[in-house]
Structure formats: structure tokens, C-alpha cells
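A.B. asks: Got a predicted structure plus its sequence, pasted below:
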2 protein chains.
Amino acid sequence: MNADKVLDVAMTAYWQSDPADVSVNAICQMAGISKPSLYREFGSEDGLKRAVLDSYAEQVLSDVFMIVISGNGLQETLAALVDFAAADPRMETGCLFYKMRAGKHRLGPETLARVEDIDATARSAYVALLQAARDSGEWQGGLPVEAGASYLGEQIALAITQRASGEEPARVREMLTLALSVFTRR
Amino acid sequence: MNADKVLDVAMTAYWQSDPADVSVNAICQMAGISKPSLYREFGSEDGLKRAVLDSYAEQVLSDVFMIVISGNGLQETLAALVDFAAADPRMETGCLFYKMRAGKHRLGPETLARVEDIDATARSAYVALLQAARDSGEWQGGLPVEAGASYLGEQIALAITQRASGEEPARVREMLTLALSVFTRR
DNA sequence: TCATTTTATTACCATGTGGTATTTTATGCC
DNA sequence: GGCATAAAATACCACATGGTAATAAAATGA
């Protein structure tokens, strides 16, 4: 019955609009299947969303994860992150993960757990990045690594969210670069 | 019939939860009135939300507006803004205006127009603040005033939104201070 | 006091939601 | 072919939403 197509359609819809604004009915219609078929495959709306998020994580988030754990220097990594957030065409309508996270309270338990899992993974990747930079002396100053990691993560989320709301990429880049300039020793 | 009480109840509900998650039914119940009464007074859900936003603007936003146009120096003004965002008890559950702005697409035309109006007002206040700082030489560097104003506004919004999502005030302050440190000549 | 107008309530409508019992259609298998 | 089995769709459920027509209650004026 083509579960992959349903996943694709749902991901596109959730991603381009907002997970809270796309109904199961709409997805069935777009995918050209009936509701019971969808429910037999995914169990519930929560199950669908979790499956979509899984798919999104391995199709999209894995790329940015690679950037963070690349092992290149901090400045180079930050530059790559800025490029991704401000220029990658996939982020034109925002990041599905951030959209879900922003609407946490509207998610079912499965999807919520996955969101928090991804959040924790991302955070620890940021921590590792900054810790390495500190160890190597590339990043100095008294700011705790954990605080820097939170900051970094939130700034990237903000930049991508701004892009989703129609802000011009050039301006987004400008602001994100400014925000991340705190990691540059001047 | 007590329109003020309805406004109060609705504001509290919208503010503490989210404008998109509070139904007209729920507000009527909480305010102890019937639905037609509410509709005679406010016309529509959109009208209610706009009235609530008006009330919020004069009760709460006016305070932060005062801070921005105080005419004190940039550093002092930023410090006051950080205090407001990170420590004012009224921002414990976030800012109603930012919540509405984040869910723009779910708003009716009246409320949306008001949101955009407030947004523009805030932006021009930030521009004026930074322009004055530049003129007086307190803020140097090549960053355009408009870009700085966008950045400032978004950082404050981010900080308050983080508070709403349960982040500890101390951490919010830390991150916002870090973000705004770009305005400090070092 | 009685009629008129204003205010509030009850009871309802159409629509959309997530989810499912029931029936139809297709798919092996002998 | 004929029959069991799995997969699909139709038609429905209960519930909640924003919004309103019909109606009762209360205030107001003469």
C-alpha cells in the first residue's frame, strides 16, 4: 500500500506548513489512501508523526550532525553551521524538528519522546564541539561549556525559524554570524 | 455584564497557555458568561483576541517600551531589558505578544494587524535606541542600525520564549547577556 | 402597572477532528 | 474455478470548534 509514499507526503506537509496544522484527513487525501489504511500502518497520529520524525532525522538532521562532529576546528564548524542554517535550500521553510519542538505540548507521547531524544543528542554534540575547542585553546573565556552549547543550539534554531517566517537569507546570515561572533576571540 | 472581567480572564488564559490552545467555549466557562454574550461584546474570536492584545499592550508592553525610549545610555537600557526578560515575574510564562506573533498564521485579520503594528513600533524603538547610541559614539562598529535592531528584538523574544518553556531564569539571563555582549565594545 | 427595549441564556447548526466497526475488494492457495 | 485470508474503502462514531436563531429574563420608561 506504499507506506513510504505516505511518509513522504506527510513529511512534506508537516514540514512546509506545521505539524499542528495538518490533519490526518488531509494527509490521507494527499497520499491518496483511506484513513483505516493509515491507522493500520502507523497506529495513531502520534505514531505517524514519530515515524515522520524518524525519517526526517535520518534524511536531514544527520547532515547537520555530521557537521558538528566533523572534528574540524570550531570556526570552520561554525561557518558550516551558518551556511546550513542560512543558505541550505532545505531550510527554506524551516526545520521540521524545530517546528515540533516549538509545539511540544501538542505532541503525543511517542513523538515527544523522540523530540527530546534528538534534543539531548544535539546538545551533547554541541558540548563535545565546544569542549574540544576549549581543550585545544581555540575557544577561551570563562563561559561554561554547557552554557555555550545551549546558546549555540538556540541561535541556530532561531536563525532557521526566522527563515521559515520569511526573513531574507542574507539578513538571517548576518544575524546568526553576529550571534556566533561571541565564540570568536577578538 | 462585565466586559473587563472577560478580558482579564481571557488574557490570563491566553497568556499562561497559548492563544491557539484556548477555545471560546473555555473562556466563556471561566468567565462565567454565555457564548452569545461574549459574541455581542467582541463580535468574533478575532475581535476578542484583538481586544485582549490591546489590553496587554497597555498593561505590559508599555513598560518595556518605556525602558527602550527612556533615553538612558545603551548599556543601561540593555541591562534593564535583560532584567525585564530574565527576571520580571510577569514573563514567567512568556510574553503574550510573542506567543501571538509565533502563531501568526492562526490569527484572524484584526489581531494579526495589531500584532504587526506592535512589531513595527517595537522595531522602530529599537532602531532609535541604537541610532542614538551610534550618534553618541557609545556603539561603534560597522553593523547597520537596522540589523542591530532586528538582532536585539529577536534576542529578547528568544529569551522570553525560553523562559516560557521552563528554562531557568539564571540561564536565560546568562544567554541573553552573552547575546547582547556584541553591543559592548571590548 | 404594563408595555417596550435591552441583555442574557438555552439550544442548536455546520464543520472538522482523531479514530473505528463494517463491508467490500483483491490476493494467494489448492 | 472456488475458498480462505489479507488489505482496502465506505460509512460511521463521539466530541470539540466557532458561531447563531429562538427565547427567556431583566431592566427601563410612561
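C.D. replies: Sure, I can see it. Numbering: from 1, shown residues only, chains lettered A, B, ... in the order given.
A.B. asks: near chain B, which residues of chain A?
C.D. replies: For chain A, the residues in contact with chain B (Cβ under 8 Å from any Cβ of the partner chain) are A:18, A:20-21, A:102, A:104-106, A:143, A:147, A:150-151, A:154-155, A:158, A:162, A:165, A:171, A:174-175, A:178-179, A:181-182, A:186. Backbone N, C-alpha and C define where each C-beta goes, glycine included.
A.B. asks: Buried only: go through those for me.
C.D. replies: For the residues of chain A next to chain B, burial is judged from neighbour counts taken by 16 or more other Cβ atoms under 10 Å in any protein chain shown, and it is met by A:18, A:20, A:102, A:106, A:143, A:150-151, A:154-155, A:158, A:162, A:171, A:174-175, A:178-179, A:182.
A.B. asks: Those residues of chain A touching DNA strand D, which are they?
C.D. replies: Residues of chain A lying near DNA strand D by Cβ under 7 Å from any atom of the strand: A:M1, A:G32, A:I33, A:S34, A:K35, A:P36, A:S37, A:R40.
A.B. asks: Show the backbone phi and psi for the closest residue in space to A:A157 that isn't next to it in sequence.
C.D. replies: With sequence-adjacent residues excluded and distances taken as Cβ to Cβ, 6 or more residues apart in numbering or on different chains, A:A157 is closest to A:Y98, at 5.1 Å. With angles defined as degrees, to the nearest 10, A:Y98 shows backbone torsions of phi -70, psi -30.
A.B. asks: So what's the predicted local confidence for A:Y98?
C.D. replies: According to the per-residue confidence, A:Y98 scores 98 in pLDDT.
A.B. asks: my guess is A:M91 contacts A:R163, does it?
C.D. replies: Yes. Counting by Cβ atoms under 8 Å, A:M91 does reach A:R163; the two are 5.7 Å apart.
A.B. asks: Quickly list what's touching both of these two.
C.D. replies: The contact sets of A:M91 and A:R163 overlap at A:A85 (Cβ atoms under 8 Å, 6 or more residues apart in numbering or on different chains).
A.B. asks: More neighbours: which of the two?
C.D. replies: More crowded of A:M91 and A:R163, by other Cβ atoms under 10 Å in any protein chain shown: A:R163, with 24 against 21.
A.B. asks: Hmm, the more buried one is touching A:A170, no?
C.D. replies: No. Proximity of A:R163 to A:A170 does not meet the contact threshold set by Cβ under 8 Å, at 10.9 Å.
A.B. asks: list residues touching both of these two?
C.D. replies: Counting by Cβ under 8 Å, 6+ apart, the residues touching both A:R163 and A:A170 are A:A86.
A.B. asks: Out of the buried ones among the residues of chain A next to chain B, list just those in helices.
C.D. replies: Cross-referencing those against helices under DSSP state H gives A:A102, A:S150, A:Y151, A:E154, A:Q155, A:L158, A:Q162, A:R171, A:E174, A:M175, A:L178, A:A179.
A.B. asks: for the longest helix seen in chain A, which positions count as buried?
C.D. replies: Of all the segments of type helix in chain A, defined by DSSP H, the longest one is helix A:109-135. With burial defined by 16+ other Cβ under 10 Å, the residues of helix A:109-135 counted as buried are A:110-112, A:114-115, A:118, A:122, A:125-127, A:129-130, A:132-134.
A.B. asks: For chain A, give me the ranges with low pLDDT.
C.D. replies: Counting by pLDDT under 70, the low-confidence segments of chain A come to A:185-186.
A.B. asks: Determine which two of the ones in helices among the buried ones among the residues of chain A next to chain B are furthest apart.
C.D. replies: Spatial extent of those (Cβ to Cβ) is set by the pair A:S150 and A:R171 at 23.8 Å.
A.B. asks: Nice, that's everything, thank you.
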